[in-house]
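Asker: Need coordinates for the below:
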Amino acid sequence: MKQLEMIAVKVVEVQRVTPLVKRFKLAAMDGRPLPRFTGGSHVIVQMRDGAAVYRNAYSLMSSPEDTASYEIGVRLEERSKGGSAFMHERVEVGSTLDISVPHNLFALEQAAPRHVLIAGGIGITPFLSQLHELQAWGADYTLHYGHRSPEHAAFAEELLSGPHREHVHLYADSLGQSLDVNALLASIEDDAHIYVCGPVAMIDAVVDAAHKRGLPPRQVHREQFGATRGKSGAFTVVLAKTGQEISVDDNVSILQAIESQSSVQIDCLCREGVCGTCETRIVEGEAEHCDQYLSDDEKSAQKTILVCVSRAKTARLVLDL
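Answerer: This is a model prediction of the structure:
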């Protein structure tokens, strides 16, 4: 398990972008430049509300060349676990937060001859920082942005009026302009790299269309905050250092089961499978990986598991705890 470095920041600007989306500009409390990052990076934002602590991952939207501040976009979720509601209702200019250093699970492939970016709803946010990089590289790129209706198209106005306007295509469901991912992928070149971020259904549709199109998996990149749900039922986790056996029901995570049935303390900042702080070595057994943090090769190697979201394929899973 690893520790994430945290940075104290203050909110220096808040802007309502749509009825459900706000933009927050964050600067370091000590006035120093924030750590450098690359397009597609995210931070974990930690919010304290009395005894309650909320932690959410948000993509950085500002230019990677400007580290005087970071910008994030937060959508108010219908079934908020507390984080997005807190950001919308409690955070204002002058508020203080803690954020992790940036981490990138969704980087652009700079050597790719062309880039096709596909966004759905709030999934537009990681692309806003990537557009700065693509322009600086002089890259061949297009952005396809699907949304419910014009009033819910976060950041669309600045996309259409800024330097990327010739590369941007918008699709509003309410206007009968839904994005047809099969048609889009059928029209692209064989060497294009595809990047998708948005609702799970959109991501799955793009990945499926890319597979049917015959694109190699290495040319398809996805960003999805929030873990996929594992298919396994109940299983047993064994803590190797003490021999304690812990039952994990199909409706709880390994982390939750360990926290409720043992005294072992496990650091976990995000609880969504994106930060890597709860990565734990597998001693015996096979994991069903549901995280967004480990690479495909790391998942295949079955050496470690993120206990906050992943499960077991085997009846017993022995962990180095």
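
Asker: Report the residue spans of the stretch 1-150 of the chain with pLDDT below the cut-off.
Answerer: 1-3 (pLDDT under 70).

Asker: what about 80?
Answerer: Applying pLDDT under 80 to the stretch 1-150 of the chain flags the ranges 1-4, 79-81.

Asker: Show the residue spans covered by the helices in it.
Answerer: Along the stretch 1-150 of the chain, the segments classed as helices by DSSP state H, counting those that start in this stretch run 83-90, 125-137.

Asker: Contacts for stretch 17-26 next, please.
Answerer: 9-16, 34, 61-62, 69-76, 87-88, 91, 97, 99, 122, 151-155 (CB atoms under 8 Å, 6 or more residues apart in numbering). (C-beta placed from N, C-alpha, C; glycine too.)

Asker: show me what contacts residue 133?
Answerer: 38, 39, 64, 108, 110, 139.

Asker: Assign a three-state SS to the closest residue to residue 213 other than its chain neighbours, would you?
Answerer: Distances taken as CB to CB, 6 or more residues apart in numbering place residue 185 nearest to residue 213, at 4.8 Å, with adjacent residues excluded. Assigned with DSSP: H, G, I helix; E, B strand; the rest coil, residue 185 falls in the helix class.

Asker: Hmm, residue 208 and residue 185 touching each other?
Answerer: No. Counting by CB atoms under 8 Å, residue 185 stays clear of residue 208, with 9.6 Å between them.

Asker: Between these two, point out the one with more neighbours.
Answerer: Using other CB atoms under 10 Å as the criterion, residue 185 and residue 208 rank with residue 185 on top: 23 against 13.

Asker: Distance check, the more buried one against residue 145.
Answerer: Here residue 185 is placed at a distance of 16 Å from residue 145 (CB to CB, to the nearest Å).

Asker: Mark which of the contacts of residue 133 are buried, thanks.
Answerer: Neighbour counting by 16 or more other CB atoms under 10 Å classes 38, 39, 64, 108, 139 among these as buried.

Asker: And these, which is closest to residue 261?
Answerer: Of all the buried ones among the contacts of residue 133, residue 261 sits closest to residue 38, with 40.1 Å by CB to CB.

Asker: I'd like to know the phi and psi angles of that closest one, please.
Answerer: When read as degrees, to the nearest 10, the backbone of residue 38 gives phi -120, psi 160.

Asker: and it, what is it in contact with?
Answerer: By CB under 8 Å, 6+ apart, the neighbours of residue 38 are 64, 102, 104, 107, 108, 129, 133.

Asker: can you pull the contacts of the first one?
Answerer: With contact taken as CB under 8 Å, 6+ apart, residue 64 is in contact with 36, 37, 38, 39, 41, 129, 132, 133.

Asker: which of the contacts of stretch 17-26 are buried?
Answerer: 9-11, 14, 34, 61-62, 69-76, 87-88, 91, 97, 99, 122, 152-155.

Asker: about what we covered before: would you list the buried ones among the contacts of residue 133 in JSON lines and tack on distance to residue 174?
Answerer: Listed next are the buried ones among the contacts of residue 133 as JSON lines, based on distance: CB to CB, whole Å:
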{"residue": "38", "distance to residue 174": "34"}
{"residue": "39", "distance to residue 174": "30"}
{"residue": "64", "distance to residue 174": "34"}
{"residue": "108", "distance to residue 174": "31"}
{"residue": "139", "distance to residue 174": "32"}
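
Asker: Return the member of those residues nearest to residue 172.
Answerer: Once CB to CB is applied, the member of the buried ones among the contacts of residue 133 that ends up nearest residue 172 is residue 39, at 25.5 Å.
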